[in-house]
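Student: Next comes the sequence, and after it the predicted model I'd like to discuss.
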Amino acid sequence: MKKNKNVQYVLIGLVVLIWGTIAWQFLEMKNGNGSDFSVGDYNPSLVKVEKLVQDSFSLNLNYNDPFSAKKVFVKNSIPSTTPTPVRRTAPELKNKKKVKKLPLPKVTYNGFATNKNNRITKVQLRIEDKLHTLKVHDQVDKLRLKQVFRDSIILEWQGKDHLVKRNK
């Protein structure tokens, strides 16, 4: 701004003018010279005060609850402030099938394959003399691979976890 000294003087004058206006309005308000309000003509006896009458009504609670299967009619009562918990029960199954628990098939953990970050990506298993290559969460014959470690694996068979050590 060395080239435009005239612009600099105009801007400084504009800033002083704006702040001067703000300061003048603040001092005018502080001194109370404004005649906007007059307190002398107020007479409290001329003001009418009406008393409010309380409404008398009753709640009509004779309707069906849209969220309940039962039809319940309540006669002119106010519901309690603490709601009662609703517990759902599972429907009883009449035809329960018995699941035969099969023994864990013969599983051997042969080895694993890694990626560039040395993370185990695939595992080689022998299940009942058949060779399988699995990833984590893969499933073969209701046998699911849950976790993989370098020395062992965890398999899920019929809802239970089984640890299988690695063959060396």
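Tutor: Here it is on my side, so go on.
Student: use CA for all of it now, contacts and neighbours both
Tutor: Noted.
Student: Pull out the CA atoms of stretch 157-168 and give them to me as CSV.
Tutor: Output of stretch 157-168 as CSV, limited to C-alpha atoms (Å, rounded to 0.1, in the frame of the first residue of the first chain):
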residue,chain,number,x,y,z
TRP,A,157,-18.7,-77.3,14.7
GLN,A,158,-22.4,-77.5,15.7
GLY,A,159,-22.1,-74.2,17.7
LYS,A,160,-19.0,-75.2,19.6
ASP,A,161,-15.4,-74.0,19.1
HIS,A,162,-12.6,-76.5,18.6
LEU,A,163,-8.9,-75.9,18.6
VAL,A,164,-6.8,-77.7,16.0
LYS,A,165,-3.0,-77.6,16.3
ARG,A,166,-0.8,-77.4,13.2
ASN,A,167,1.1,-80.5,11.9
LYS,A,168,4.8,-80.0,11.7
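Student: Strands of the chain, residue ranges please.
Tutor: 107-114, 120-127, 130-134, 139-140, 143-148, 152-157, 160-165 (DSSP state E).
Student: Can you check which of these gets nearest to Ser68?
Tutor: Nearest of the strands of the chain to Ser68, taken as C-alpha to C-alpha: strand 160-165 at 39.3 Å.
Student: got the buried residues for the closest one?
Tutor: Lys165 (16 or more other C-alpha atoms under 10 Å).
Student: Can you check what angle separates it from strand 107-114?
Tutor: For strand 160-165 against strand 107-114, the angle by axes from the mean of the first three to the mean of the last three C-alpha atoms, to 10 degrees is 70 degrees.
Student: quick one: the nearest residue to Lys165 once chain neighbours are set aside and Leu134, what's the gap?
Tutor: Nearest residue to Lys165 in three dimensions, chain neighbours excluded: Ser152, at 4.3 Å (C-alpha to C-alpha, 6 or more residues apart in numbering). As judged by C-alpha to C-alpha, to the nearest Å, Ser152 and Leu134 stand 14 Å apart.
Student: do Asp151 as well
Tutor: 16 Å.
Student: Asp138: what's it in contact with?
Tutor: Arg144, Leu145 (C-alpha atoms under 8 Å, 6 or more residues apart in numbering).
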